[in-house]
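Engineer: Have a look at this prediction, sequence included:
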Amino acid sequence: MTRGELTLYVVPASHPCAAVELALRRKGLAYRRVDLLPMWHVVHQTVRFGRRTVPALRLGTGEKVAGSLAIMRVLDGLEPEPPLLPAEAALRAKVEAAEAWGDEVLQPLARRVLWAAAQRHPDALESYSEGSHLPVAASLAIRTAPVLVRLERALNRSTEEAVRADLAALGGHLDRADGYVAEGVIGGDAPNVADLQIASSLRLLMTLDDLRGEIEPRPSGQLAARLFPDYPGRMPRALHEV
């Protein structure tokens with residue numbers, strides 16, 4: 001696969017975007033990052049990639065890939081070392097199953113919970129843009145935060161009922177993530193696709209003051225902090241109101 005110039009389209013502090021960026025850095029692949037505003041990314045990505053999803057990657061050949069799972073496979077094709085999937089078949093199957101769980105269950109949960117908390121503290125969203133290069137000033141973007149939050153909650157089905165269910169199930173999800181660490185599916189010396197998917201979601205959840213103390217001491221929380229030590233954003237306590 002021909003590499004060419006790589007352009008990565010992200011929303012600042014997006015957990016799947018953080019996962020792909022770490023994969024790019026570990027492989028030593030140079031890339032240009034384009035930061036998109038939340039919600040505005042829906043129009044941009046739909047027009048450019050045919051999907052509203054971030055992250056999305058454009059190769060120098062013009063090839064376009066959207067979604068963290070697909071991008072990870074493309075990156076392994078561009079630069080095989082270090083691999084993002086184990087060579088041994090049985091372990092690879094476990095890693096891919098854990099990756100799918102991280103993508104289908106944990107990733108949307110983190111979005112729903114974050115946006116529910118952000119409705120109580122919309123000003124805190126500015127902290128999630130730290131280190132980014134958005135096309136408008138953060139101060140201008142933050143003035144639209146209440147509207148943005150309502151739209152994001154609708155887009156991500158972040159209803160009060162759904163978030164209450166997410167919080168009730170969180171302990172079980174953390175147990176599952178810790179189980180993956182204990183089994184050696186994640187948490188090894190060389191992060192794989194499941195490490196990146198699961199740890200990035202947990203690290204986003206750890207930006208919430210309500211949840212950091214519950215996640216951080218766990219093996220999976222320690223993994224998240226190790227892989228993503230400098231994650232932008234901090235959300236004050238708010239979930240007791242859900």
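Structural biologist: Arrived safely, thanks for sending. Residues are numbered from 1 along each chain as shown.

Engineer: how near is A190 to R176?
Structural biologist: Distance of A190 to R176, given as CB to CB, to the nearest Å: 22 Å. For the C-beta atoms, the positions are set from N, CA and C on the backbone; glycine is no exception.

Engineer: The two: which has the busier surroundings?
Structural biologist: R176 (16 against 11; other CB atoms under 10 Å).

Engineer: how many neighbours does the closest residue to the more buried one other than its chain neighbours have?
Structural biologist: Nearest residue to R176, sequence neighbours excluded (CB to CB, 6 or more residues apart in numbering): W101, at 7.3 Å. Close neighbours of W101, defined as other CB under 10 Å, add up to 18.

Engineer: W101 reaches G172, doesn't it?
Structural biologist: No: using CB atoms under 8 Å, W101 makes no contact with G172, being 12.0 Å away.

Engineer: list the helices and strands the helix ranked longest in the chain packs on?
Structural biologist: For the chain, the longest helix by residue count, based on DSSP state H, is helix 160-183. On a contact count with 3 or more CB pairs under 8 Å, 6 or more residues apart in numbering; DSSP states H and E, helix 160-183 meets helix 89-101, helix 107-120, helix 193-205, helix 209-215, helix 219-227.

Engineer: Check the offset of it from the chain's centre.
Structural biologist: 16 Å (CA atoms, centre = their mean, to the nearest Å).

Engineer: do stretch 235-242 as well
Structural biologist: On CA atoms, centre = their mean, the centre of stretch 235-242 falls 21 Å from that of its chain.

Engineer: got the contact list for that stretch?
Structural biologist: The contact list for stretch 235-242 (CB atoms under 8 Å, 6 or more residues apart in numbering) reads 113-114, 116-121, 124, 160, 163-164, 167, 207-211.

Engineer: Just the buried residues of it, please?
Structural biologist: Buried positions in stretch 235-242, judged by neighbour count with 16 or more other CB atoms under 10 Å: 235, 238-239, 242.

Engineer: Please report how far E81 lies from W115.
Structural biologist: For E81, the distance to W115 equals 37 Å [CB to CB].

Engineer: For those two, indicate the residue with more neighbours.
Structural biologist: W115 (23 against 9).

Engineer: Which residues are in contact with that one?
Structural biologist: Contacts of W115 by CB under 8 Å, 6+ apart are 149, 152-153, 156, 158.

Engineer: pLDDT below threshold where in this structure?
Structural biologist: Along the chain, segments meeting pLDDT under 70 span 1-3, 137-141.

Engineer: Buried ones among the contacts of stretch 235-242?
Structural biologist: By 16+ other CB under 10 Å, these give 113-114, 116-121, 124, 163, 167, 207-211 as buried.

Engineer: from those, which single one is nearest P229?
Structural biologist: In terms of CB to CB, no member of those lies closer to P229 than T207, at 12.7 Å.

Engineer: Run through the residues that contact the closest residue to the closest one other than its chain neighbours.
Structural biologist: Once flanking residues are discounted, T207 sits nearest to G233: 4.2 Å by CB to CB, 6+ apart. Listed by CB under 8 Å, 6+ apart, the contact set of G233 reads 13, 124, 127-128, 130, 204, 207.

Engineer: Please flag which of those residues sit within helices.
Structural biologist: L204.

Engineer: looking at the contacts of G233, which has the most residues close by?
Structural biologist: That'd be L204 among the contacts of G233, by other CB under 10 Å, with 28 neighbours.

Engineer: list the contacts for that one?
Structural biologist: Contacts of L204 (CB under 8 Å, 6+ apart): 13, 15, 18, 110, 114, 231, 233.

Engineer: thought E79 was touching Y31?
Structural biologist: No: assessed by CB under 8 Å, E79 is found out of contact with Y31, at 11.5 Å.

Engineer: from the buried residues of stretch 235-242, which two are the most distant?
Structural biologist: Maximum pairwise distance among these (CB to CB): 12.7 Å, between M235 and V242.
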